[in-house]
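Asker: Turn this into a structure:
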Amino acid sequence: LTNTTISATVKGGSKAGGDVTLTAPNVMLTGGAITAATQGTGPAGSIELNVGPLIVQGDAQISSSSTGPGPVTGAAGTITVQGLSGAGTLATSVTLQNGQLLTSATGSGAGGSIVVHTPTVTLDQATISATTAAGDAGGLTFTDAKSFTSTNSSLTTEATTGKGGTIAIGSAGATSINLT
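Answerer: Numbering: from 1, shown residues only. Below you'll find the model as predicted:
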């Protein structure tokens, strides 16, 4: 997917945003976006990627957000990356090269969580962030990550007035973590 946008958006009101589910053996997102968003008080939809390898590069982003004109907004949705067979399976690998995984709520809604199920994570000038203003921030979870390499990248959970989220990296077996 090059310079392509896949979006499920509600532009105002209180209705929930739609979910985005993408199932494909190989996904490369270059310079585009996959988004689930609301611009009102309804919660944003979630994004589920059932993939082999996932590559997000060239300023591409995958995001779930809830924004609004006032202080009351819905919650951001969850972003889940997992294997082709869905829940409980592992994506082959996840690589972000100048790419982003983001959840955010600009008002009172909770920040969405980002959950990545893969044995291999490679981040290079990447941003993975779960933020909110007044709600509780979402968490970042990397399950089964036997190899986690990050270069010039950022992993952040942040809440302006709410509770911060948790960042968890690990697996049941040995984990190699390289941060530069």
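
Asker: Tell me which helix or strand in the protein has the weakest average pLDDT.
Answerer: Least confident helix or strand of the chain, by mean pLDDT, DSSP states H and E, is strand 176-179 with a mean of 78.

Asker: Show me what it is in contact with.
Answerer: 146-150, 169 (Cβ atoms under 8 Å, 6 or more residues apart in numbering). In short, each C-beta sits where N, CA and C put it, glycine included.

Asker: Could you give me the ChimeraX selection string for whichever of those are buried?
Answerer: This is the ChimeraX syntax for the buried subset of those, where burial follows 16 or more other Cβ atoms under 10 Å:
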select :147,148,149,150,169
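
Asker: between the contacts of strand 176-179, which is nearest residue 66?
Answerer: Using Cβ to Cβ, residue 169 comes nearest to residue 66 of the contacts of strand 176-179, at 26.3 Å.

Asker: these two touch, right, residue 137 and residue 165?
Answerer: Yes: Residue 137 lies in contact with residue 165 (Cβ atoms under 8 Å); the separation is 3.9 Å.

Asker: Could you check how many residues crowd around residue 86?
Answerer: 12 (other Cβ atoms under 10 Å).

Asker: For it, grab phi and psi.
Answerer: phi 90, psi -150 (degrees, to the nearest 10).

Asker: Next one, pLDDT for it please.
Answerer: Listed pLDDT for residue 86 reads 96.

Asker: need the contact list for residue 2.
Answerer: Applying Cβ under 8 Å, 6+ apart, the residues near residue 2 are 30-32.

Asker: Show me which of the residues you listed are buried.
Answerer: 30, 32.

Asker: now the contacts of residue 2 as CSV including distance to residue 116, pLDDT and secondary structure?
Answerer: Converted to CSV, the contacts of residue 2 look like this (distance: Cβ to Cβ, whole Å; pLDDT from 0 to 100; DSSP: H, G, I helix; E, B strand; the rest coil):
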residue, distance to residue 116, pLDDT, secondary structure
30, 19, 98, strand
31, 21, 97, coil
32, 19, 95, coil
